[in-house]
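# Just need the structure, nothing else, for what follows:
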Amino acid sequence: MARRRERPPLRQRINRRTAALVALGAAVVALYATLVPLQTVLYGTPLPLSFVLGAALCGSPLLAIARPVWAIGLFTAAALVLPLIVIPESAIQSPWPWSVPALLVFVVFVGVVTFLHGARLGAFALILGAIASLLAPVLRPDMVALPESSASATADLIVTTAVASAMFLIAALVAGRVRVAAELSREKEHSALEEARRALVEERTRIARELHDVVAHSMSVIQVQASTARYRIPDLTDAATAEFDDIAATARSSLTEMRRMLGVLRTEDQTAELAPQQGIDDIPALVESIRRAGVEVGLVLEGGEAAAGAPSAVQIAAFRIVQEALSNAVRHAPGARIAVRLHAEAHSIRIRVHNAAPPHRPEGHVGGYGLRGMRERAEILGEASPPDLRRTADGMWMPCSPRPRCPHAPSPALDKETP
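Residues are numbered from 1 along each chain as shown. Next comes the predicted model:
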């Protein structure tokens, strides 16, 4: 596996930029210190003009870092004027219209503009510099009057333009490579942030689901036990009855607050995870815990061997669907009889949980996340159709799970009913 490239830290990037600026400044100072005396001695340019025009020419690469357009104008003006103020007798023996230091400044200037500001401005600087140098023989025909001087000027123009064009191409390629690397680095950072965000959202969804599956179920049982204590336990004092009523009210309030918290933790675009690892074998114990709360529950398990051979994901989903269906029946149909039936075959498992109409209508009915959790449990098994949630003749909801895929198992061999 290829090792992931990391973006250099900010201090390292600043150090690189500082080193590049120092190197460019040193090059500019060295070229300026060379150009002024050569222009004065070899070309006969007055010293004050050599200082001014040399500063304009050599300072253009530094100015191009922040003001590229101004730098191009300044460089073009200096490159046009500097070859014109020469003495023919002195300059005829030296490269003209570009001296060697001026040629190097031109190459550096084109490279800086192209690298920092793109190929368009770099080409603009290259073309204007070439045009300025081509105008010099037109404005000073005496410098190319002799065949030898004309050939020397032509060779000087060709060499300067070729070297500057080569620098333009190199700078454009390097700048493109640097920009692509920077974009890739930004994309990697963005992908890392999105991955971290997705992991956080998935963890929040998992927490929400497990809170609902485990804690909400237990709170529902506590609420039912406290609400039915006066009917199940004879000779309760008024103080004990009030205490049980307070416990039931507190449990209902806690369930309401938990639903609000789950609304914050849940997201709509996340699929379910399966944990903890309960299975079909744990359903009888789950039913027994509901019976201890005073609820009449009937359980039928069919196809025990086929159920035992089901994948762990199917077993967990079956347990959670039964658990949530029982919790819904306990909360929304208190006092009603509940019937649980699980039928396992070689390639499918069907769950049916049904409750009769409750003796009285429950107070403060508030919708939660149970039905959504059932659908998620079914969808994660690859079942195209969600659980069938419909009304029965007596007006109650009945969740029927889809047929999750199971590995090949023998025919149903065990039919067990717990009255």
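
# got the contact list for the spatially closest residue to L146 that is not a sequence neighbour?
Computed as C-beta to C-beta, 6 or more residues apart in numbering, the closest residue to L146 that is not its neighbour in sequence is I92, at 7.6 Å. Placement of C-beta: from N, CA and C, glycine included. I92 makes contact with M143, L146, S149, according to C-beta atoms under 8 Å, 6 or more residues apart in numbering.

# same deal with P334?
V224, S227, T228, P358, P359, H360, P362.

# one step back: going by neighbour count, which of the contacts of I92 comes out on top?
Neighbour counts for those were taken using other C-beta atoms under 10 Å; the highest belongs to M143, with 21 neighbours.

# how distant is the longest helix belonging to the chain from the center of its chain?
Counting residues, the longest helix found in the chain (DSSP state H) is helix 147-210. A distance of 21 Å separates the centroid of the chain from that of helix 147-210, by C-alpha atoms, centre = their mean, to the nearest Å.

# Now the next helix or strand after it - C-alpha only, CSV.
Following helix 147-210 in sequence order, the next helix or strand is helix 217-227 (DSSP states H and E). The C-alpha trace of helix 217-227 is given here as CSV (Å, rounded to 0.1, in the frame of the first residue of the first chain):
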residue,chain,number,x,y,z
HIS,A,217,-36.6,-1.0,25.9
SER,A,218,-35.6,-1.2,29.5
MET,A,219,-37.2,2.1,30.4
SER,A,220,-40.4,1.0,28.8
VAL,A,221,-40.4,-2.2,30.9
ILE,A,222,-39.8,0.0,34.0
GLN,A,223,-42.7,2.2,33.1
VAL,A,224,-45.0,-0.7,32.6
GLN,A,225,-44.0,-2.4,35.8
ALA,A,226,-44.5,0.8,37.8
SER,A,227,-47.8,1.6,36.1
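
# Helix 217-227 - contacts with which helices or strands?
Other helices and strands packing on helix 217-227, by 3 or more C-beta pairs under 8 Å, 6 or more residues apart in numbering; DSSP states H and E, are helix 238-265, helix 283-292, helix 312-332.

# Give me the three-state assignment for W96.
coil (DSSP: H, G, I helix; E, B strand; the rest coil).

# show me what contacts it?
W96 sits next to Y43, P83, V86, A136, M143, S149, S152, A153, D156 when contact means C-beta under 8 Å, 6+ apart.

# So what does it look like in phi/psi?
phi -150, psi 140 (degrees, to the nearest 10).

# let's number from 6 now, not from 1
In the new numbering, first residue 6, that becomes W101.

# picking that back up, would CSV of the helices and strands packed on helix 222-232 with mean neighbour count be doable?
Shown next, in CSV, are the helices and strands packed on helix 222-232 (neighbours: other C-beta atoms under 10 Å):
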stretch, mean neighbour count
helix 243-270, 14
helix 288-297, 16
helix 317-337, 23
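
# mind putting those in JSON lines, mean pLDDT and distance to A137 included?
As requested, those are exported to JSON lines (pLDDT from 0 to 100; distance: least, C-beta to C-beta, whole Å):
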{"stretch": "helix 243-270", "mean pLDDT": "76", "distance to A137": "68"}
{"stretch": "helix 288-297", "mean pLDDT": "87", "distance to A137": "90"}
{"stretch": "helix 317-337", "mean pLDDT": "82", "distance to A137": "76"}
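
# Out of these, flag the one nearest V185.
Across the helices and strands packed on helix 222-232, V185 has its closest neighbour in helix 243-270 (40.1 Å, C-beta to C-beta).

# For that closest one, name the packing helices and strands.
If you count contacts as 3+ C-beta pairs under 8 Å, 6+ apart, helix 243-270 packs onto helix 152-215, helix 222-232, helix 234-237.

# Nearest to R342 among the ones you listed would be which one?
Short answer: helix 222-232, nearest of the helices and strands packed on helix 243-270 by C-beta to C-beta, at 13.7 Å.

# quick one, the closest one and helix 288-297 angle?
Counting by axes from the mean of the first three to the mean of the last three C-alpha atoms, to 10 degrees, helix 222-232 points 30 degrees away from the direction of helix 288-297.

# tell me the contacts of S154?
I97, W101, M148.

# Distance check, S317 against A383.
The gap separating S317 from A383 is 16 Å, by C-beta to C-beta, to the nearest Å.

# H365 too?
Separation of H365 from A383 (C-beta to C-beta) stands at 32 Å.

# Between these two, which is the more surrounded one?
Ranked by neighbour count (other C-beta under 10 Å), H365 and A383 place A383 first, with 24 against 9.

# Isn't that one up against A322?
Yes: between A383 and A322 a contact is recorded at 6.9 Å, counting by C-beta atoms under 8 Å.

# still on that earlier bit, mark which of the contacts of P339 are buried, thanks.
Buried members of these, counted by 16 or more other C-beta atoms under 10 Å: V229, S232, T233, P363.

# Mind putting those into TSV with distance to I285?
Compiled in TSV, the buried ones among the contacts of P339 are given as follows (distance: C-beta to C-beta, whole Å):
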residue	distance to I285
V229	24
S232	30
T233	28
P363	28
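
# Can you tell me the SS state at R346?
Following three-state DSSP, R346 is assigned to strand.

# so it bridges to which residues?
On the basis of DSSP bridges, R346 is bridged to V305, R357.

# count of residues packed around it?
R346 - counted by other C-beta under 10 Å - has 17 other residues nearby.

# how close does it sit to A311?
15 Å.

# can you check S170 too?
Remark: distance between S170 and A311 (C-beta to C-beta) = 79 Å.

# The two: which is more packed in?
Between S170 and A311, A311 has the larger neighbour count (other C-beta under 10 Å), namely 25 against 15.

# wait, doesn't the more buried one sit right on R355?
No: A311 lies out of contact with R355 (C-beta under 8 Å); the separation is 11.3 Å.

# For L241, what are phi and psi?
For L241, the backbone dihedrals (degrees, to the nearest 10) come out as phi -80, psi 140.

# pLDDT on stretch 364-371, on average?
Averaged over stretch 364-371, pLDDT sits at 62.

# now the contacts of S154 in a markdown table, with pLDDT and distance to T210?
Conversion of those to a markdown table gives the following (pLDDT from 0 to 100; distance: C-beta to C-beta, whole Å):
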| residue | pLDDT | distance to T210 |
| --- | --- | --- |
| I97 | 80 | 84 |
| W101 | 91 | 77 |
| M148 | 88 | 81 |
